[in-house]
Structures are given as C-alpha cells and as structure tokens.
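Q: Below is the structure, and that's it, no one-letter string:
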C-alpha cells in the first residue's frame, strides 16, 4: 500500500476520537510486507496517544521481542517529544524498535520536534504525507494553540425555532433526558464549564458532571462564571465554598480575556485546556462573535416556543454573506445523533474541513 | 405467523411511503402455508394503493391463474371501496380470488366500508388487528379528513439559530442546494404551495417545482398566496396570467379558512388534498398556532445570523408546558437526512406516534 493510502486509514481512525484539549490523532502499524498489524487512535485528554494505542494493540497479540525493524508506524501527527501525562511517543517508538515512521502534520505545539529526534536515533522518518488533510483535521485545535487559549466547545440546547426559554422564562426541560445525559458526558471531559452571570441568576445550575443515574463523575470540571454581577453566596455552583475552591468568577465581558485568564489557571493540578461554554445567550453570542468557538453540539428539541429567549443574539452579522458558517463534524459519533426525541448536530467552524476519502 | 406479527411487517412497509394527500398504507400477501408471497406499500397520491402494489408484485412472478383462495392479504388500512384515481382495492382483491383479508385501521373517509363489501362477497375478513398502531400511523391524516381540509406540510428552512433572513433581509441562500432540491421534490408532490403576501413582496418566488437541473417537473402545484395585500401584476408567481390560471390569492389571515377554501378548489382537474406551507414567518406561525400542520421538514443550515427574521413568531405560547411538541417521523427516508451541509429533520405533531416493533 502506498503511504497515502495508509494515511487515509489513519485519518479515519483519528475521527473516532473526541475533540477537546488534545488533537485528534490516528496511527497505523504496518509490517514490512505491507500488512496492517494494528490501528490506534487518541480517545481524549488523559488517555494514551494514538501511536501508543497502536503499539500496545500490536503488543497484546505478539511476543515481546517481535522484530519491528522492517515495520512502519503511520501517524496523522508528528509523534510527541515531551513526556506529558503520557510518556513521549518518540521514546515508545524507539523502544519498540520500529524502523520507519511516516507522519502527516507537524506538531506546532511545544511538543513538536519528534521527527528530528527520531531521525537522529536512526529511524527512517517521512514527514508531510497528506499534510494538508492531517492539518485541517485539527484546524481549530491549532488555532486555539496559536492563541495560547483553551479549546472551546459550545453547547446550544434549543427548541426547533431556536429558543432557550419560553416567554415566562421556563426552560426546564426543553431537551430530552438523553440529550442532557450527553451534555453531562461532554462536561465530564472538559476542564472547565463556563456560564454567564445571568444563567446563574435565572437557573442557579449546579454545573457538575453527572452520570445518567445522577452520581457525580470522577472528574469534575472547574465551574466558571463570566460577567460583572457578583455571584451571590448560596448559589448552588459554589457548593458553599469560597471562590477558588472548585469555582471562580471572571469579571469580564471579553471572551478572549476570559480564555486567556483560564489558560493561566489550574484545576486539580492540571491546566485548563478545554472549556465547555454552556450559555446563556449573551455569553454564547460573545464567543461566536469573537470566533472563539471550536466545536458545537447543537441539540434541536422538537417543540416550538415562538417567543421567549433566543439561543443566539446579535453577533454583528448584518447580511447573509457575513454569517459565520460551520461544517458537519465527522469526528466522534458522527455529525448527527438522535437522542430520544431530539437531534444533536455536531459542528465545527468551517475551514478546510477534513473528510478522508472512503 | 400470527396475524399481529404480519401486521407489524405491514406497518414497517407502510413507513416506506410518503405523507400527503393519502395515508401511509402497507400490505402483505401471505400463502396458506404462512409464507410471505409479496409486500406492498403506497407511494403517494396518484400511485397504486398498497393492496394493489402487493397483488401486482405477486402477479409479476406467478402464473395468472394462481390460486389465492387459501392466501391472506394483510393491510394496515381497510381496503378502499370506491374507484378514485385507482380502481377500488376491494374489487382487485375479489378479482384476485384472495380468500382472507386482515386489516388494521378502519377507513374513516368516504372510501370506508370495504370490509363489509368483501364479507358480503364471501371473503373471511378480520378487522382491527393492531388497530391502534395502524390508526396512529396516520393520526394527522385522519385529523385533516375529519376537518375536511387538505393535509398540511410545513417547510422550515433556517439558520442554526432559527432565522430565515439576515438583518438586511438577505436570505438567498441560507440552505444548501441539496436541501433546496429536496424542497422542490416535496413541492412536486403537493397539490398546492402556500406563502404569505410578505414573502411574495420580499422574495418574489416563482413557486414552481423544478428538478435539480432546473427543469419544471411534470406536475406543478397550484400557487397560493394568503393575506390581504393584493398580489402585484408582474409578480413572478403569476407568470403573467390572471388569477385562477395556476395561481390564486386567499384574502384571509385565518389558516383554517384558507384550507377550507382550498378544499373547495380543484387544480388540473383534481381536488386540493395536500398543501405545502412554505412561509414566511407570519403564515407559518399562524398554521402552527392553529395546530394545522400535519408534517414538518425542518432544514437546519450550519450558519448563525444572530439577528434578522425569526422562522417562527408569536404562536401564543407563554410557558414551556404550552409548547406544541413534535415527534421524529420515521416515514419516508427516516427522521434525519444530511443534505450537503444541512440537516433535515422530519417531524409530525406528537400524538400516539407509531413505531412498529423491530
């Protein structure tokens, strides 16, 4: 198989992952004879990198001393150089004795430079195969890294006609249980959840990540309130604790300022690299207007409100050609999921979107 | 196989059809030995009824004199008695020599009474098998028939945040070519397309049904304008012809009045039994507020407008519990279709919705 064909396969594997703090990455280990030995992908922050996933998957079915000197490891992204939560992939590749590495995109982050290290160690490294597709796969992750800010997922849970509350303010629940369970799953993989002061005033949400049966998940995101109105004591999200203990307020209306502030913050010992923006209208509109949304989960509930609160307000668009456009995101579970009676559409800002040839 | 199990199969066959002037109907022909001989469903106004579809499908593979005296024909709806655009199904069943007929719902329309006729002719007729599921399959078609009005399909083509035009009024095009092609297909099977006077003023649409390459389809629906502002001469939808020649205006703001008026109208020699309501906001809101929408195609285009014109305005809902609710419609191509970059959701008003066990 030519390198490009295997890389296409690696791109498809990458799309099985979830977006967030880390980029989507796929890896494929191929024998000297051209046989696919194993496939790997990255499953989200805190889990193994795709290269390790592929190497581990191979190791589980083969003797420890298997000779990989004739094998090639394909990865959509340059293998990492630094030890983070996981050991550096370059080291794992050297340890496994892989003779050749082919990668797509170069790593633009501080973890870049792996190709150089592997070359120095005598591995035959080919860079830039399907580079454009591999880069556009994570075009928003790269944008976030360049701005030194967390990756932003936006949550849009609305009626068929785009409302998030009825005329009298009632909003619980517009979406189905299955859609709300999905939101909790997305919460559980974010480092922080961000809402506006108005949402805190009106809904008084707990902002915890819970399982479908209501238990707290192991990992709880930082609860962040953005806006000028001080959070009242007794508000549920504070859990009776002082600011800084599981929650904090960012007294700004500027979303980039908020994100840069969060980039300087740690939670449970880890930096904030992935923020879920849940609303309400003002906060979501500010993030969209500033082009600071990298991923969208839009839940469309099959009911009509006609009046009440719109999900999105003025974002500075005067005419159709100025409208920010999005693309269906094939990553994770695909662009569309039915959740009970609701339809969840998974989107990313339109760019040179990645669609591997099938 | 027990009668109920075959009827479940007939229900699934029925869902392959399209909603509109006629109900969804599925039919299955089963031999004396319990073998499924053929399956049929109704494909929309002007096409064969499900019973004929099943009988024809059987006849194509068998000798003309095949003995069906031991066979059973299952139909989700009572076979029709009157000759309409097609010969009466009761007559076709008698001619084919089918010995037994099992049907689900009774026909509430003027075409009902087929069971009685078949019994008199010596056929063993079982009525009411899975009657409730067979009735709810077409609960809105029955509602329309009871109100002596056409079946109504609503068209909602909007941005992700529920807008149908930007602040400056631009709206061409919010949805993708594939979504607009789908709309033309829906137009081509409707007897009439209805829009408001404001849509005519602002968009000056042709309201013709066209193929993806732009040619007019064979069947063109009546073009209907609802509202008090007179349609100006030179407006495209008039095609330079006087009112009554392919188009007409209904000077009312009451959607039931408009539908009742259309029920008294013919177009190309046929009665108006299926109306596609395309908009804009005032007209769609009036139909939804009056619970006069029987089917919805909601096209969600992945862009944000933030301001501009909402797809739906005040429909009298003050609080969430008053919101009209819809259910994903499994009929036709299923509840969700991706059309280029857009997601089309197929809905029907929530009732005792039909979901055959799979």
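A: Great, that's in hand. Here the structure is a predicted model, which means the values were calculated and not measured.

Q: residues in contact with the residue of chain A found nearest chain B?
A: Here the residue of chain A nearest chain B is residue A:162; by Cβ to the nearest Cβ that distance is 2.4 Å. The C-beta positions use only the backbone N, C-alpha and C, and glycine is treated the same way. For residue A:162, the set of contacting residues under the criterion of Cβ atoms under 8 Å, 6 or more residues apart in numbering or on different chains consists of A:310-312, B:158, B:160-163, B:310-311.

Q: Could you rerun that using 6 Å?
A: Contacts for residue A:162 were tallied using Cβ atoms under 6 Å, 6 or more residues apart in numbering or on different chains; they are A:310-311, B:161-162.

Q: tell me the pLDDT at the nearest residue to it once chain neighbours are set aside?
A: Excluding its sequence neighbours, the residue lying closest to residue A:162 (Cβ to Cβ, 6 or more residues apart in numbering or on different chains) is residue B:162, at 2.4 Å. At residue B:162 the predicted local confidence, pLDDT, stands at 98.

Q: Residue B:162 and residue B:307, how far apart?
A: In this structure, residue B:162 lies at 12 Å from residue B:307, with Cβ to Cβ, to the nearest Å as the measure.

Q: How about residue A:137?
A: Computed as Cβ to Cβ, the residue A:137 to residue B:307 distance reads 33 Å.

Q: Look at these two and report which has more neighbours.
A: When neighbours are counted by other Cβ atoms under 10 Å in any protein chain shown, residue A:137 comes out ahead of the other of residue A:137 and residue B:307, with 30 against 19.

Q: What strand or helix carries the residue lying closest to residue A:318 once chain neighbours are set aside?
A: With sequence-adjacent residues excluded and distances taken as Cβ to Cβ, 6+ apart, residue A:318 is closest to residue B:167, at 5.0 Å. Secondary structure here is read from DSSP states H and E; on that basis residue B:167 sits in neither a helix nor a strand.

Q: what are the ranges of the strands in the stretch 101-250 of chain A?
A: Counting by DSSP state E, counting those that start in this stretch, the stretch 101-250 of chain A forms strands over residues A:124-126, A:151-159, A:163-165, A:192-196, A:222-226, A:247-250, given from the N-terminal end onward.

Q: The fifth one packs against which elements?
A: Yep, that's strand A:222-226 we're talking about. Judged by 3 or more Cβ pairs under 6 Å, 6 or more residues apart in numbering or on different chains; DSSP states H and E, the packing partners of strand A:222-226 are strand A:192-196, strand A:247-250.

Q: mind giving me TSV with those and columns for mean neighbour count and mean pLDDT?
A: Formatted as TSV, the entries for those read as follows, by neighbours: other Cβ atoms under 10 Å in any protein chain shown; pLDDT from 0 to 100:
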stretch	mean neighbour count	mean pLDDT
strand A:192-196	25	98
strand A:247-250	19	98
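
Q: Just the pLDDT at residue A:61, thanks.
A: What the model reports for residue A:61 is a pLDDT of 85.

Q: Can you give me the neighbour number for it?
A: Using other Cβ under 10 Å, residue A:61 is surrounded by 9 other residues.

Q: swap in the one 5 residues further on?
A: One way to gauge burial is a neighbour count; for residue A:66, by other Cβ under 10 Å, it gives 14.

Q: now swap in the one 4 residues further on and tell me
A: When neighbours are defined as other Cβ under 10 Å, residue A:70 has 13 of them.

Q: what do you get for residue A:311?
A: Residue neighbour count, defined by other Cβ under 10 Å, stands at 24 for residue A:311.

Q: Quick check: closest non-adjacent residue to it.
A: With Cβ to Cβ, 6+ apart as the measure, residue A:158 is the residue that lies nearest to residue A:311, at 4.3 Å, once sequence neighbours are left out.

Q: who's the one you found bridged to?
A: For residue A:158, the beta-bridge partners are residue A:300 (DSSP bridges).

Q: That one contacts residue A:309, doesn't it?
A: No. When contacts are counted by Cβ atoms under 6 Å, residue A:158 is not listed as touching residue A:309 (9.6 Å).

Q: Would you mind grabbing the residues shared as contacts by those two?
A: Listed contacts common to residue A:158 and residue A:309 are residue A:164; contacts here mean Cβ under 6 Å, 6+ apart.

Q: Looking at the two, which is more packed in?
A: In this comparison of residue A:158 against residue A:309, neighbours counted by other Cβ under 10 Å, the higher total goes to residue A:158 at 27 against 20.

Q: if we can go back for a sec, which residues touch the residue nearest to residue A:318?
A: Residue B:167 makes contact with A:318, B:307-308, according to Cβ under 6 Å, 6+ apart.

Q: In strands, which of these appear?
A: Cross-referencing the contacts of residue B:167 with the strands (criterion: DSSP state E) gives no overlap at all.

Q: got the residues of chain A near chain B?
A: When proximity is defined as Cβ under 6 Å from any Cβ of the partner chain, chain A approaches chain B at A:160-162, A:166-168, A:170, A:288, A:298, A:302-307, A:311-315, A:317-320, A:323-326, A:336, A:343, A:345, A:347.

Q: buried subset of those?
A: Neighbour-count burial (16 or more other Cβ atoms under 10 Å in any protein chain shown) applied to these gives A:160-162, A:166-167, A:170, A:288, A:298, A:302-307, A:311-315, A:317-318, A:320, A:323-326, A:336, A:343, A:345, A:347.

Q: quick one, domains of chain A?
A: Chain A breaks down by the TED database into domains covering A:3-138, A:148-349.

Q: Where among these is average confidence lowest?
A: It's domain A:3-138: among the domains of chain A, that one has the lowest mean pLDDT, namely a mean of 94.

Q: That one spans what distance, first to last residue?
A: End-to-end distance of domain A:3-138: 20 Å, with Cα to Cα, to the nearest Å as the criterion.

Q: could you pull out the helices for the stretch 51-200 of chain A?
A: When assigned using DSSP state H, counting those that start in this stretch, the helices of the stretch 51-200 of chain A occupy the ranges A:89-96, A:114-120, A:131-136, A:139-146, A:177-189, A:197-203.
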